[in-house]
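*Asks:* Test case, fold it:
(2 chains)
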Number of protein chains: 2
Amino acid sequence: MLEKVDLKKKLGKVEYKELIDELRERLGALQRQARDLGIPVLILFEGWDAAGKGTLINELILSLDPRGFNVYSIGEPNEDAVRRPYFWRFWNKTPQCGRIVILDRSWYTKILADRVANGAGAHGLQDAFHDSLSFERQLSDDGTLIIKLFLHISEREQRKRLEKLEQDPATAWRVTETDWEHHRQYNKFLRAIEEMMQQTDAECAAWTIIEAHDRRYATLKIIATVIGALEKRLAAVSSAANLEKKIPLETPPAASALPKIFASSILAGVNLTKTLKDAEYENSMKFYQTRVRELEHIIYSKRIPVIIAFEGWDAAGKGGAIRRLTQDMDPRGYTVIPTGAPTFEEKAHHYLWRFWRNVPKTGHIAIFDRSWYGRVLVERVEGYCQEKEWRRAYKEINEMEAQWVSFGAVLIKFWLHIDKDEQQRRFEERLANPGKQWKITGEDWRNREQWELYEHAVDEMFFRTSTTYAPWTLVEANSKEYARKKVIQTVIEAIESKI
Amino acid sequence: MLEKVDLKKKLGKVEYKELIDELRERLGALQRQARDLGIPVLILFEGWDAAGKGTLINELILSLDPRGFNVYSIGEPNEDAVRRPYFWRFWNKTPQCGRIVILDRSWYTKILADRVANGAGAHGLQDAFHDSLSFERQLSDDGTLIIKLFLHISEREQRKRLEKLEQDPATAWRVTETDWEHHRQYNKFLRAIEEMMQQTDAECAAWTIIEAHDRRYATLKIIATVIGALEKRLAAVSSAANLEKKIPLETPPAASALPKIFASSILAGVNLTKTLKDAEYENSMKFYQTRVRELEHIIYSKRIPVIIAFEGWDAAGKGGAIRRLTQDMDPRGYTVIPTGAPTFEEKAHHYLWRFWRNVPKTGHIAIFDRSWYGRVLVERVEGYCQEKEWRRAYKEINEMEAQWVSFGAVLIKFWLHIDKDEQQRRFEERLANPGKQWKITGEDWRNREQWELYEHAVDEMFFRTSTTYAPWTLVEANSKEYARKKVIQTVIEAIESKI
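*Replies:* Residues are numbered from 1 along each chain as shown, chains lettered A, B, ... in the order given. Predicted coordinates:
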């Protein structure tokens, strides 16, 4: 998932100038309000060596009243710390009411290094994540606002920076053998970091990735993230205070209107020009469809359940892809489950209830045309559920999928991606075709107006629910042929790797 | 901890008659309110074989409108269930809005049986607990009220009941070889049950132990527990609704004034007549004090940290016990930390912060005169913190202690217990002695008035924080000599078992 993050983002000097002063002023004002309300704030900087933590921390504190914060650098533990339980030194540094603590590295640094160096057994690692989460949850329950930033750079950028540091006699000392050692293990770290983010991304302490190639971009995104978190907390505090005082509720302040540049990261990077020659398509589909049928029989006899979820833009071609996938399959072995608006009975239960009810038996295949991700997509964007409901849904979904996979299920999740122009073309085509007019409703046009909100929701969905055990497959779907082939190929590979 | 539960509780026919009708009526009314508000309720009956689950479920549903609930018996999973992830059949049985589901056994039954039969490795077991908790949390977050009851009987009572069932031809079929097999493993199950309760006792789904020897007592306690949970939920719902409608808040309905008989269970069973002859005391203390000093040097060289917490009634003799314990110790190796009202700085942090700061280095001993348990004792009873704060403190404390112990610390927790008469005698003695008058303040007399509330808080503290890794030691302290000897002996044993 991290490798999909678009690291090319940058900001020109002029654009930066236009934004930075106002943001700094806002942050300063927010700091004063948080101080007056006695809110403790803990900001964590994690990230690759040479990602620029020091520089960016400096950029952040430029906006802050120096009487209100402390910066602590977390290096190797000294003897006092080694001789006490691991979290002792972090407890000692927790911010008191009304103060901000900024940590240059944190409890995660050692966990990551141990993980990569010793391949720390799954068990010890689980304990470390568990202890981290309980530490953060305890502080958050007590009122601390926690902001966890991860500064991300590519392997190449890291090498460039380390070399540059080494060449300058003034900074050469900063590059140690360990840095190079870590650099050589970039990919191992990448995997470990992803796992860490999945396991420790909590509602009360979520991770934010900072694309850190461009200093101006990273500075703005960090400041904007801190502003967003503070504004949200202050809105919550003030609405709670109003309730207590029985003052009529005001609408909470609008979320920071942040520059567009911070929007969608993963979707923006998808290459939608991929296509396929007709002949190639026809031939390969025949071959794959036969193979899918064979696999259907194999999983039946091996009693492996298979669950396939299709999500994607309206008119992205979900139906067509499902039809091509199942064309030659034995209908006794699979079910297609369309997910529409919930029925009365479904509404009277937990929103995951209906998906649990439709879990396939071992040996069977369930294909969901739209799925349990509705909660974090349409329900989120259209306001059909409360924010706290879709926020906790990420974890609920991950837990559900983990149970399915550890039971032995093959789980495949597709996002069919097209761009806005392509959607327009398809809508118009449908309107022009009497046989397809029924497919298009006023709702489709309305959804289209929310494109940016959906983009943002999809991005967050990828980030929070792409797990090692149930990753998303992003299907480039401007070409229907290409998309259909990628879908069926992915299904085949996923099943083959299980049997 | 379970073995300390007082199973001798019973209720006379007359007393029962006096209470039952009113409780049944209240429960019926609450069911109707919950239905109207659309609250789903899930009631779990777990417990020993022959503990009377069937009978007691019948007693409970007598009070309920039969159109509003379902009872499901959870036996061996059928083929449909075996071929799906474990929680599938439980998801299928979750109550919809406004309905009550009563389960005769639950997801815990198989987890327990597997644990005892196969000694399920720590890891698989952790997964099972984790999945159970996430299932319950998801339902609870969505509004389901969860009540988990454990019907407890002694090994002897179980044998008696199984034999009686076997002797009656009408019920003999109900006793299977598995029941006897489980009975022979009573102690193994006891341990497994305790572990299960510790690991799955969540704020949103707490366990309640039902002492099930006496049918009348158990019936009343079950009904009262369900009433208490419903009243609490309804009060929360109605106060939230009032807030939304901006109607001035009414005081929430008082918690059910339940019969005294449901109060303290563990403390009531303590035998306070234990005493010691003077000569015996003098001799053994000399010996033990020398041994403690030796051990202090051993743990210093082995770098083992030791943490000792003293809690107990006012005038129970904490100070005296600490003095006798440390009398011959090397003062460079230990610190006594008195825990008073928090300072300004301490109040500006998480309440565990000051205890984390005082964690001893490896090789050192920290003795806390009163401790982090203040949160669930004095702060709870005196209302110095909110209910949700002391409720979540149980878990926070368990997590903190787990981190200390897994770091390698020896952790010992004492509750010094005296009865109310003995306290009175000691207060008067202090008043009569000019050298001790300072020890007694108005606060002590006020605390005394809250004796029953404290008893209840202590009981709950034992139940929720007696863990396998950090059990409580209950010290019978009406005799100071006996108490001091038990304290020093316990410390010696705990350290010796570590080195």
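*Asks:* Tell me where chain A has strands.
*Replies:* Taking DSSP state E as the test, the strands found in chain A are A:41-47, A:69-73, A:100-104, A:145-152, A:207-211, A:306-312, A:334-338, A:365-369, A:410-417, A:472-476.
*Asks:* what lines up beside the fifth one in the sheet?
*Replies:* In the sheet containing strand A:207-211, its partner strands are strand A:145-152 (parallel), by DSSP bridges.
*Asks:* By residue count, tell me the biggest helix in chain A.
*Replies:* Longest helix of chain A, by residue count under DSSP state H: helix A:215-245.
*Asks:* Okay, buried residues for that one please.
*Replies:* For helix A:215-245, burial by neighbour count (16 or more other Cβ atoms under 10 Å in any protein chain shown) applies to A:216-235, A:237-238, A:243. From N, CA and C alone the C-beta is placed, and that goes for glycine too.
*Asks:* Next one: A:T275 from B:H213, what distance?
*Replies:* A:T275 sits 76 Å away from B:H213, going by Cβ to Cβ, to the nearest Å.
*Asks:* higher neighbour count, those two?
*Replies:* Legend: neighbour count by other Cβ atoms under 10 Å in any protein chain shown for A:T275 and B:H213, higher for B:H213 (19 against 12).
*Asks:* The more buried one against B:K9, yeah?
*Replies:* Yes - using Cβ atoms under 8 Å, B:H213 is in contact with B:K9, at 7.5 Å.
*Asks:* neighbours of A:Q437, just the number please.
*Replies:* With other Cβ under 10 Å as criterion, A:Q437 counts 11.
*Asks:* Oh, that last question was meant for A:I146, not what I typed.
*Replies:* Residue crowding around A:I146 was assessed by other Cβ under 10 Å; the count is 20.
*Asks:* Just the pLDDT for the residue nearest to it when sequence neighbours are not counted.
*Replies:* Distances taken as Cβ to Cβ, 6 or more residues apart in numbering or on different chains place A:A205 nearest to A:I146, at 4.2 Å, with adjacent residues excluded. Reported pLDDT at A:A205 in the predicted model: 93.
*Asks:* got the contact list for A:A205?
*Replies:* A:L133, A:E136, A:R137, A:S140, A:I146, A:K148 (Cβ atoms under 8 Å, 6 or more residues apart in numbering or on different chains).
*Asks:* Return the closest of those residues with respect to B:Y469.
*Replies:* Nearest to B:Y469 among these: A:L133, at 19.0 Å, using Cβ to Cβ.
*Asks:* Would you mind confirming that that closest one is in contact with A:T200?
*Replies:* Yes - look at A:L133 against A:T200 with Cβ under 8 Å: they come within range, at 5.8 Å.
*Asks:* still on that earlier bit, what is the most widely separated pair among the contacts of A:A205?
*Replies:* Maximum distance among these (Cβ to Cβ): 13.0 Å, for A:R137 and A:K148.
*Asks:* who's more crowded, those two?
*Replies:* Applying other Cβ under 10 Å to A:R137 and A:K148 shows that A:K148 carries more neighbours, namely 22 against 19.
*Asks:* Give me the more crowded residue out of A:L133 and A:T200.
*Replies:* Comparing A:L133 with A:T200 by neighbour count (other Cβ under 10 Å), the higher total belongs to A:T200, at 20 against 17.
*Asks:* For the more buried one, give me its contacts.
*Replies:* By Cβ under 8 Å, 6+ apart, the contact list for A:T200 reads A:Y108, A:F129, A:S132, A:L133, A:E136, A:W207.
*Asks:* Among those residues, which lie within helices?
*Replies:* Members of those lying in helices (criterion: DSSP H): A:Y108, A:F129, A:S132, A:L133, A:E136.
*Asks:* For the third one, give me its contacts.
*Replies:* If I follow you right, that is A:S132. A:S132 neighbours (Cβ under 8 Å, 6+ apart): A:W107, A:Y108, A:I111, A:T200.
*Asks:* Show me what from the stretch 251-400 of chain A comes close to chain B.
*Replies:* Within the stretch 251-400 of chain A, the positions lying close to chain B (Cβ under 8 Å from any Cβ of the partner chain) are A:303, A:305, A:345, A:348-353, A:356-357, A:359-363, A:392, A:396, A:399.
*Asks:* Going along the chain, name the helices of the stretch 51-200 of chain A.
*Replies:* For the stretch 51-200 of chain A, applying DSSP state H, counting those that start in this stretch gives helices covering A:53-61, A:79-82, A:88-92, A:107-118, A:122-141, A:155-167, A:177-184, A:186-200.
*Asks:* what does the stretch 251-400 of chain A give?
*Replies:* A:278-302, A:318-326, A:344-347, A:353-357, A:378-381, A:387-407.
*Asks:* Quick check, the residue in the stretch 201-350 of chain A closest to chain B?
*Replies:* A:A348 (3.8 Å; Cβ to the nearest Cβ).
*Asks:* so A:V410 sits right up against A:E493, yeah?
*Replies:* No - between A:V410 and A:E493 there is no contact under Cβ under 8 Å: 10.3 Å.
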